[in-house]
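> I need the structure of the sequence given here:
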Amino acid sequence: MSDHRATGRRPTCATTTAIIDAFAALAVERRYPIRVADLIARAGVGKSTFYEHFRGKDDVMLAAMRSEEHTSELQS
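Numbering: from 1, shown residues only. Just a heads-up that it's a prediction; the model follows:
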């Protein structure tokens, strides 16, 4: 098992979650407009890392909505 602190890289799932969480936090704080630059700053990832996981901010929004729907289904 590798330690992401040693390489400075987060596991893929953690990175995706960090970006989605950043979107959710920014959406609550200020709604729109949320820029990709805002997302990468809040998530603590680089621009290329962001685009390895998502095509753009709209994809992040859809992933956040899917995540919320999945969480709601599990709780009911």
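> who's in contact with residue 59?
By C-beta atoms under 8 Å, 6 or more residues apart in numbering, the contact list for residue 59 is empty. For the C-beta atoms, the positions are set from N, CA and C on the backbone; glycine is no exception.
> contacting residues for the residue most central in space within the chain?
Centroid check for the chain by C-alpha atoms, centre = their mean gives residue 19 as the closest residue, at 1.5 Å. Contacts for residue 19 (C-beta under 8 Å, 6+ apart) come out as 39-40, 43, 45, 50, 53-54, 60.
> could you say which helix or strand holds it?
Using DSSP states H and E, residue 19 falls within helix 12-30.
> where does pLDDT dip in this structure?
1-11, 69-76 (pLDDT under 70).
> at 90 what do you get?
When residues are selected by pLDDT under 90, those of the chain lie in 1-13, 30-32, 66-76.
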